[in-house]
Each structure stands twice: as structure tokens, then as C-alpha cells.
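# need the 3D shape of this:
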Amino acid sequence: MSINAIKPFVCINCGHRVRELYKKYSNTLKTTHCDKCHQITDKYIEFEEFIILIDALLLDSCAFRHIIYNGNFKIHWKVFFVVLLLESFALCRYKHDSGRIASSHLHERGFYMCTIQNIGEYLLISLMLLLITAFLELKQMLKFGLLNFTSIILKVVAISNLSKFFLLPILVWRNNTTDFGRNLHYMLVTSHHLCSLVLAYEATRAKNLRWISTIFVISAFALKEYFRYFTALQIESFFI
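Purely as a prediction, here's the structure:
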């Protein structure tokens, strides 16, 4: 495949840049080994996309690197939009069940408002992560280009939102749980999402900056949650 010769790849184990993921001998493809860590450059090129998504949900940094740098991201954008709708419906349902959106005929409008709110949060966290990257590695950002870094950050945010798949059980069994159980479930999903965001972002950074970047990412996430709380109050006042 010609794309193997022109697309920049990385080793999923150490993050070292490599020229190719495999070599073609006649009708046989053989995976390459990283010059730095001497491990298989990317084992996931032989895996199904579903298996890769499962590993990403299990917070595997190698899966994050494959998806961000080496894989075909088109399918993940589709999954991202499905997750966006799922999260928006879960948020709208939560507000409706808790009485924050009292009128049933406003439920559809509430779903659209929650979708806009979530899109705003995605853009906000993407902007903050881009600023963090510029602060920590401005020279590298200028070297590889702003558009490339922006694309990477958007992929990081999209991958971390795979955690929102875990909202599905609370939608299915919402009538068979208590308020405490529902709030605990949302807290666990949020915790998994934060871990996913930190690990996905760390997979794109140099090892000597990971602790610093982790602190900044957690701070950005806290600011994003404050934004969520503020916009939620505005949406609720709109429906009252």
C-alpha cells in the first residue's frame, strides 16, 4: 500500500517514529520491529477494529497510539458521533428523571440542547489540550504544524469519549436502580473517562513531560466540568 510509505507512523510500544509498519515480500506481509525498543512496531495492524476498541476501553496505551497515529480513523469518527448522541440522550434523560426538565413536550428540545452542550464541552477540552501542548512543546508543534497537532488532539478527545459507552446500562435499567446507584454509576463513568483522557493524551507526549501533562490535563478536565455545571444551570433556567 502506498500510504505505508508516506504516512508518519509510530511504534505503539515506545512512541518512536518509524517509516513503515510492515514490509511486503511477494504475497506476504511481515511486521517490522522498532529500532528503539526492538519490539513489533504495531501488532494491531493484524487485529480487527472491534478488538482494538475493546483494548482502548481497557485503557491500553498501545491501542491509543495505534488509533491516533497508525490506524484508519474514519470508523472512529462514526463511533464518536454515536457516543455523542448516546451521551446527550443520557444527560437529557437524567435531567428529565430528576425533574429538571419537567414538561414532557420539552424533552426533545432538551435533547438538542444537551447535544449542543456536549459539543461545546468537546471543543472546549480540545482547545485547552491544544494550549497545554503549545505550552509544553511549542517548538515541536511548530515543527510538525498546527493542523497536525489539532488533528491529534481531536482524536484524543474522540477516543477518550469511548468511555461514555458505559452510560448504556443506566439507560436500560434506570427504573431498577436508586438515585444513589445512578449517581454512583455516573461517577464511575466520569472517572473512567478522565483516566482515558489522561492516558490517551500521554500516549502522544514525550515521557519526560508526562507527569506535567497529567497535571494540566486533570486541571483542564476540572475546568471543563465547571463549564458543564454552569451551562447546565443555563439550560435548566431556559426550561423553567
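
# ok, residue 133 - contacts?
141, 149, 153, 205 (Cβ atoms under 8 Å, 6 or more residues apart in numbering). In this view, the C-beta of every residue, glycine as well, is placed from N, C-alpha and C.

# how does it look with 10 Å?
Listed by Cβ atoms under 10 Å, 6 or more residues apart in numbering, the contact set of residue 133 reads 140-141, 149-150, 152-153, 156, 201, 204-205, 209, 213, 216.

# buried subset of those residues?
141, 149, 150, 152, 153, 156, 201, 204, 205, 213, 216 (16 or more other Cβ atoms under 10 Å).

# can you put those in CSV and add secondary structure?
What follows is the buried ones among the contacts of residue 133, written out as CSV (DSSP: H, G, I helix; E, B strand; the rest coil):
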residue, secondary structure
141, helix
149, helix
150, helix
152, helix
153, helix
156, helix
201, helix
204, coil
205, coil
213, helix
216, helix
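
# save those as a markdown table, and put in pLDDT too.
Formatted as a markdown table, these follow (pLDDT from 0 to 100):
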| residue | pLDDT |
| --- | --- |
| 141 | 77 |
| 149 | 84 |
| 150 | 88 |
| 152 | 88 |
| 153 | 90 |
| 156 | 92 |
| 201 | 90 |
| 204 | 83 |
| 205 | 76 |
| 213 | 76 |
| 216 | 84 |
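
# residue contacts, residue 199?
When contacts are counted by Cβ under 10 Å, 6+ apart, residue 199 touches 56, 59, 60, 61, 63, 64, 156, 159, 160, 210, 214, 217.

# let's see it at 7 Å
Going by Cβ atoms under 7 Å, 6 or more residues apart in numbering, residue 199 touches 59, 61, 64.

# so which of these comes closest to residue 186?
Set against residue 186, the nearest of the contacts of residue 199 by Cβ to Cβ is residue 59 (18.8 Å).

# got a pLDDT number for the closest residue to that closest one other than its chain neighbours?
Nearest residue to residue 59, sequence neighbours excluded (Cβ to Cβ, 6 or more residues apart in numbering): residue 199, at 5.4 Å. Listed pLDDT for residue 199 reads 90.

# ranges for the helices of the chain?
For the chain, the helices defined by DSSP state H cover 3-6, 49-57, 61-65, 74-97, 107-136, 138-144, 146-160, 168-172, 179-202, 210-239.

# hang on, the earlier thing: okay, the contacts of residue 133 in JSON lines with distance to residue 49 next?
Formatted as JSON lines, those follow (distance: Cβ to Cβ, whole Å):
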{"residue": "140", "distance to residue 49": "29"}
{"residue": "141", "distance to residue 49": "29"}
{"residue": "149", "distance to residue 49": "25"}
{"residue": "150", "distance to residue 49": "24"}
{"residue": "152", "distance to residue 49": "20"}
{"residue": "153", "distance to residue 49": "22"}
{"residue": "156", "distance to residue 49": "18"}
{"residue": "201", "distance to residue 49": "22"}
{"residue": "204", "distance to residue 49": "20"}
{"residue": "205", "distance to residue 49": "25"}
{"residue": "209", "distance to residue 49": "30"}
{"residue": "213", "distance to residue 49": "28"}
{"residue": "216", "distance to residue 49": "31"}
